[in-house]
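In: generate a structure from the sequence data that follows.
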Amino acid sequence: MINRFSYIFATLLVLMFSAGNVQAVPNVNVYGSGTYSDSNAIVNIYATTLDCNLMSFGVTLNFDPADVSSSGVSRNNAVWYLGDGVTNSVYMSPAVDVSGVKMIGGRLDIANPTDGYGGPDILLGQMIFTRVSANVPAFTLTYAEGGTYVNYRTAAHEDLDTMPGGVVFGAVNLVPDADGDGVPDSSDVCPGFDDNADADGDLVPDGCDAFPSDPAEDTDTDGDGIGNNGDPCQLTMPIRKQGGSDYSQGLQAVYDLQPATFTVKIQSNYLSGPLRLDKAIDITIKGGYDCAYSPVNSGAPTVIDSLIIDYQSGAVTIDNVSIE
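Out: Here you go, the predicted model:
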């Protein structure tokens, strides 16, 4: 009985010891994703490492020259560099031939020269193509170099090229991008415009920003030239011709449009002017209206920057207006 128990116990120890020393095989999965429009295709190439950090990589993106031609390629130099990350050595620029774009990169940080780089979804680089046919572009991935050249070497000095399952090339998946800005249609913030153009840095693309140089404003619902964040009356324009239209232009522009005597109402929060009255028509200017143009203009006086009345002007009547 004792001998049988000892045998079982010894067997369990062997199994436990063996299981505790099983090591995962290091590998790297290389794949691509991108977008295509009627005119271009943009492909980003990524790598995900398992149980290793890379010291180098080498990949070729293959394409059909009957469908696309290469128009730009850039390595992700924020990750793949030889130097300190600021002052780096120049090495092995990407190469383009008739049916493939070859990119080789490495990581040797002088502060941590043996660390390499690893992790999920590491951007290797980006490649841009011009479409020359109506066919949806198709791409495949292979090694950059063959023979004895080592494309994928780890920080532990392992040659992944020659290890079974060491390097796996995945698919290159493309999705539609109608405006060609590199953002898929399904997540495009500003369709028809470049989502990457944002001059004021407010995260609203310039093409959909009513105030592209003002980070505090991006929308003007009533079209009066005042951004919603600073507009007390977001839904109504600041000037209204009695019995007629609303206007977003300045008071001078509204006056110049009128062929005959008229009355104009202005919201109390609107600063207008300067104003020059030089036509033989009568005008009544009534300020102090609220956003809804309630019948009684009892709000704060509307401010007109300056007022000049020429001798040929008709009668001028002013109500609840401050001229400064």
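In: against Gly58, how distant is Ala95?
Out: Applying CB to CB, to the nearest Å, the value for Ala95 to Gly58 is 11 Å. Using the backbone N, CA and C atoms, a C-beta is placed for each residue, glycine as well.
In: Asp64 too?
Out: From Asp64 over to Gly58 (counting by CB to CB), the distance is 22 Å.
In: for the two, indicate the residue with more neighbours.
Out: Gly58 (24 against 14; other CB atoms under 10 Å).
In: would you mind putting the CA coordinates of stretch 76-85 into PDB?
Out: Presented in PDB, the C-alpha positions along stretch 76-85 are these (Å, rounded to 0.1, in the frame of the first residue of the first chain):
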ATOM      1  CA  ASN A  76       6.700  54.300 -37.400                       C
ATOM      2  CA  ASN A  77       9.900  56.000 -36.200                       C
ATOM      3  CA  ALA A  78       8.300  56.800 -32.800                       C
ATOM      4  CA  VAL A  79       8.900  53.100 -32.000                       C
ATOM      5  CA  TRP A  80      11.400  51.800 -34.400                       C
ATOM      6  CA  TYR A  81      14.600  53.800 -34.100                       C
ATOM      7  CA  LEU A  82      18.400  53.500 -33.500                       C
ATOM      8  CA  GLY A  83      19.300  56.200 -31.000                       C
ATOM      9  CA  ASP A  84      17.600  57.900 -28.000                       C
ATOM     10  CA  GLY A  85      14.200  58.400 -29.600                       C
END
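In: just the buried residues of that stretch, please?
Out: Buried positions in stretch 76-85, judged by neighbour count with 16 or more other CB atoms under 10 Å: 76, 79-82.
In: for the closest residue to Ser248 other than its chain neighbours, which three-state class applies?
Out: Nearest residue to Ser248, sequence neighbours excluded (CB to CB, 6 or more residues apart in numbering): Asp224, at 4.0 Å. Using DSSP: H, G, I helix; E, B strand; the rest coil, the structure places Asp224 in coil.
In: pLDDT wise, what is the residue lying closest to Pro274 once chain neighbours are set aside at?
Out: If the residues on either side of it in the chain are set aside, Pro274 comes closest to Ser306, at 4.1 Å by CB to CB, 6+ apart. With respect to pLDDT, Ser306 has a value of 91.
In: count the residues that sit near Ser306.
Out: Other residues lying near Ser306 total 10 when counted by other CB under 10 Å.
In: touching, it and Glu324? I think so.
Out: Yes. At 7.3 Å, Ser306 counts as touching Glu324 under the criterion of CB atoms under 8 Å.
In: contact partners for the most centrally placed residue in the chain?
Out: Taking CA atoms, centre = their mean, the centroid of the chain lies closest to Asn196, which sits 3.6 Å from it. Residues near Asn196 by CB atoms under 8 Å, 6 or more residues apart in numbering: 181-183, 205.
In: what are the ranges of the helices in the stretch 1-150 of the chain?
Out: Shown for the stretch 1-150 of the chain, the helices assigned by DSSP state H, counting those that start in this stretch span residues 2-20.
In: pLDDT weak spots in it?
Out: 1-24 (pLDDT under 70).
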